[in-house]
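Asker: Everything below, folded, please.
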Amino acid sequence: MGGSIAGCAAALAAHRGGAAEVTVYERAAGHLADRGAGLAVHNDRYAELASAGYLDTGIPWLQLCRRRWYTRDGELPLGRPVGELPFPFRTYNWGPLWRELRARMPETAVFRGDSPVRTVETSPDGAAVRLEDGSAHHADLVVGADGYRSVVRGAAFPDIRPAYAGYLAWRGAFPAERLAALGPDPDDAWPVEDCVFAVFPRGHAVIYRIPDGTGGHRANWVLYAVPPPGTALGLDTPTSLPPGTLSEALHACFAQVTGELLPPYWGGLLRLTRPEELFIQPLYDFTAPHYAAGRLLLAGDAATVARPHTGSGAVKALQDAIALETAFAAATTWSEVSAAYEAARGPVGVSMMELGRRLGEALVLRSTDWRTVGQAQLDALWAGAGAAAFGGRALRGANRPVARGTKR
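Answerer: Numbering: from 1, shown residues only. All right, here's what the predicted structure looks like:
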């Protein structure tokens, strides 16, 4: 269930592990490659994913090296430098990455777009998948890769719901050519290898370049901030606000943060984003009590939503796929697949959710007075948040297993 990055990777994993027939049900009717913005993959996690055959150098990417932290100081364009931290990450454009994973799916796999799933019902010999059009389909095993509002998770654990974290993430991405409006040479102010953290009381912006898929770059950013009271009504129920749906109050909040709280250069950069490129992601987190429930498995955000501060969203989904492939290849029964997958991924989900909460507290909800922070204090803050798993935890046994026979 779900044909996004997590779903395509899970379908590829099941095929490589020996599943005889694979069908992907995706609710959206349009072209998924046109969606999404940027994402980043830690160099160490990339090495594991490449070794397992899920990423390679053929997918467009940019190498980043460091995070430079700035805070507003009067009218200094870039703000006052707070400090630097290493940032050994590759950045990607969501669309080309999805296209590559979609292309790696075997020709025998069926990809059904415009096929929203209404219910999933389990039985001793598998599960019945019922679509919105009324049709029913039998499956031996169902992998829920259908996001944080997962139908599959609802069938397995109906009482588990994502919890609203109390703040929002504004997101945007635009062609890097627009940066010329901020000055004659954007690379002088913002080298290509830099990720910028522009921090302010109860929030910060993360800004980095991503490939555009055609040889150029896009400026990609996410802005975390606590909205004024009354401007985020209804967001306690899991949802998102796509481009064109933001209220006047949320537009005003964005204008106030970028105009008054961020250093002038970085606030101006965010305002180069056009309304049709700007969307909001309310922050939620949760983890399912188990990644497997009989013939139902959970992957990606259907299993665990960790706040994006962890820098591990796509990595987590791809690691889930590798663990699924390993479970398939080593097992001879469906119950063995479920048990092995649960053992491999359940503890990781809990740890990444907890890391996201700690970073959210340190960087947004209870952020420090950045006016007094220098390199030593920044180092201590990062260490105090227990951020050793920033970018994702190492995957044990990351080499891709050899595919074996079909499951019984």
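
Asker: Tell me how many other residues crowd R66.
Answerer: A count of nearby residues for R66, using other Cβ atoms under 10 Å, gives 14. Where C-beta positions appear, they are placed from N, C-alpha and C, glycine not excepted.

Asker: quick one: it from P191, how far?
Answerer: Taking Cβ to Cβ, to the nearest Å as the measure, R66 falls 9 Å from P191.

Asker: same question, R118
Answerer: In this view, R118 and P191 are 50 Å apart by Cβ to Cβ.

Asker: So what touches stretch 142-151?
Answerer: Defining contact as Cβ atoms under 8 Å, 6 or more residues apart in numbering, one finds that stretch 142-151 is touched by 1-2, 4, 6-7, 9-10, 14, 27, 117-120, 127, 129, 152-153, 156, 162, 238, 284, 286, 295-303, 305, 317, 324.

Asker: Between the two ends of that stretch, how far is it?
Answerer: 11 Å (Cα to Cα, to the nearest Å).

Asker: same thing with stretch 230-244?
Answerer: For stretch 230-244, the end-to-end distance is 20 Å (Cα to Cα).

Asker: and it, how far from the chain's centre?
Answerer: 18 Å (Cα atoms, centre = their mean, to the nearest Å).

Asker: go on, stretch 322-330?
Answerer: With Cα atoms, centre = their mean, you get 22 Å for stretch 322-330.

Asker: Pull out the buried positions in it.
Answerer: If you call a residue buried by 16 or more other Cβ atoms under 10 Å, then stretch 322-330 has these buried ones: I322, A323, L324, E325, T326, A327, F328, A329.

Asker: Same question for stretch 222-242.
Answerer: Using 16+ other Cβ under 10 Å as the test for burial, stretch 222-242 gives V222, L223, Y224, A225, V226, P227, T231, A232, L235, P238, S240, L241.

Asker: want to try JSON lines for those, with secondary structure and pLDDT as columns?
Answerer: JSON lines is the format used below for those (DSSP: H, G, I helix; E, B strand; the rest coil; pLDDT from 0 to 100):
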{"residue": "V222", "secondary structure": "strand", "pLDDT": "97"}
{"residue": "L223", "secondary structure": "strand", "pLDDT": "98"}
{"residue": "Y224", "secondary structure": "strand", "pLDDT": "98"}
{"residue": "A225", "secondary structure": "strand", "pLDDT": "96"}
{"residue": "V226", "secondary structure": "coil", "pLDDT": "94"}
{"residue": "P227", "secondary structure": "coil", "pLDDT": "91"}
{"residue": "T231", "secondary structure": "coil", "pLDDT": "76"}
{"residue": "A232", "secondary structure": "coil", "pLDDT": "68"}
{"residue": "L235", "secondary structure": "coil", "pLDDT": "75"}
{"residue": "P238", "secondary structure": "coil", "pLDDT": "75"}
{"residue": "S240", "secondary structure": "coil", "pLDDT": "76"}
{"residue": "L241", "secondary structure": "strand", "pLDDT": "78"}
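
Asker: which residues does the residue nearest to Y70 when sequence neighbours are not counted contact?
Answerer: Nearest in space to Y70, with sequence neighbours left out and distances taken as Cβ to Cβ, 6 or more residues apart in numbering, is G79 at 3.8 Å. Neighbour list for G79: Y70, T71, R72, D73, A198, L262, P263, P264, Y265, W266 [criterion: Cβ under 8 Å, 6+ apart].

Asker: Nearest to T333, out of these: which one, please.
Answerer: Comparing these against T333 with Cβ to Cβ picks out A198 as the nearest, at 52.3 Å.

Asker: Show me the contact partners of stretch 251-260.
Answerer: Contact partners of stretch 251-260, identified using Cβ under 8 Å, 6+ apart, comprise 170, 200, 203, 223, 225, 227-228, 231, 246, 267-268, 270-271, 278.

Asker: same thing but 7 Å
Answerer: Applying Cβ atoms under 7 Å, 6 or more residues apart in numbering, the external contacts of stretch 251-260 come out as W170, G203, L223, A225, P227, P228, T231, G267, L270, R271.

Asker: which parts of that stretch are buried?
Answerer: Across stretch 251-260, burial judged by 16+ other Cβ under 10 Å covers C253, F254, V257, T258.

Asker: same check, this time on stretch 158-173
Answerer: Here stretch 158-173 shows R161, P162, Y164, A165, Y167, L168, A169, W170, R171, G172, A173 as buried, counting by 16+ other Cβ under 10 Å.
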